[in-house]
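Trainee: For reference, the sequence and a predicted model appear below.
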Amino acid sequence: MVSSEQRRKQLAREKYLRQQQRRVQARRKARIRGAVIAAVVVVVLGSVGAFAAFDNADTDGKTDNASDTASPSPSKAPDPCDKPAKGKPNGKQWKKEPKLTIDKAADYTMALHTTCGDIDVAMDAAAAPHTVNSFAFLAKENFFDHTPCHRLTTQGIYVLQCGDPTGKGTGGPGYTVPDENLDAKSVKGGTYPAGTVAMANTGQPDSGGSQFFLVYKDSPLPPKYTPFGKISDSGMKVLKKIADAGTGGPRGQKPNATVVIDDAKVTKD
């Protein structure tokens, strides 16, 4: 028969074990929450200290990066991509958004010819006319040619970010475009599905410029980033090849792969 003293010790031991288990679970949740928050920063492009707590990333403003202390940097994988074509970004700037000239009822395709392969994007002109119009204008002006994709995230959210001629996360075309299509069913639940192409921004409304991100795996993000395109199946294979090569840290660093947009074209189908 168990004595009252033995019973007391047993209850105390069980209580201690429960407390320890709760502490472990709390630490695990905090790490996951921190990783997701840090990842979200990446897409922000934002004002000083914002772009998503990632690294200094911003699409037309300034963004901050958080230093990565969650885990050691993975070993660098071989570069799966070719050398960039000769040339430099032209760095053109404009004071205001271009005049809306696209046909909202038509289908448009953006072809990104990159050092890692071609990524074709079906663009939604009906749902995001200002965004698609801006990309058509910038592509015609060769704005994206020779620009690097400067950020890859591999924890929390899973995106490749491009469209900055400076390659530092702080560049843009000099103007901004309004947010669009934020009520799209595909992102309403707080997840941007794999294959989505969306605008980065500063964290403020209507602050997108030229920076955009390509989602290679379902990513938890609030519906604050204009979704305007869908990546082709062949383009997803290229994107996953880039992601598989890794980055300097999970919270949004320069990709190990040499990802440069040699040429970008937007065509009316």
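Mentor: It's in. Numbering: from 1, shown residues only.
Trainee: Would you point out the helix or strand in this structure whose mean pLDDT is lowest?
Mentor: helix 4-42 (a mean of 66; mean pLDDT, DSSP states H and E).
Trainee: So what are the sheet partners of whatever helix or strand comes next after that helix and their directions?
Mentor: Sequence order places strand 108-114 as the next helix or strand after helix 4-42, per DSSP states H and E. Here strand 108-114 is paired, per DSSP bridges, with strand 117-123 (antiparallel), strand 260-268 (antiparallel).
Trainee: Ok, which of these comes nearest Y175?
Mentor: Nearest of those to Y175, taken as C-beta to C-beta: strand 260-268 at 17.2 Å. Every C-beta, even on glycine, is put in place using the N, C-alpha and C of the backbone.
Trainee: so which of the strands paired with strand 108-114 is the most packed in?
Mentor: strand 117-123 (a mean of 21; mean count of other C-beta atoms under 10 Å).
Trainee: After it, which helix or strand is next?
Mentor: Going down the chain from strand 117-123, the next helix or strand is helix 129-140, by DSSP H and E.
Trainee: so who does L214 touch?
Mentor: If you count contacts by C-beta atoms under 8 Å, 6 or more residues apart in numbering, L214 has them with 119, 159-162, 196-197, 231, 239.
Trainee: do that again at 6 Å, thanks
Mentor: Contacts for L214 were tallied using C-beta atoms under 6 Å, 6 or more residues apart in numbering; they are 160, 197, 239.
Trainee: In three-state terms, label it for me.
Mentor: Judged by DSSP: H, G, I helix; E, B strand; the rest coil, the three-state class of L214 is strand.
Trainee: And for D183, the neighbour number?
Mentor: 9 (other C-beta atoms under 10 Å).
Trainee: Over to P193?
Mentor: Using other C-beta under 10 Å, the number of residues around P193 comes to 14.
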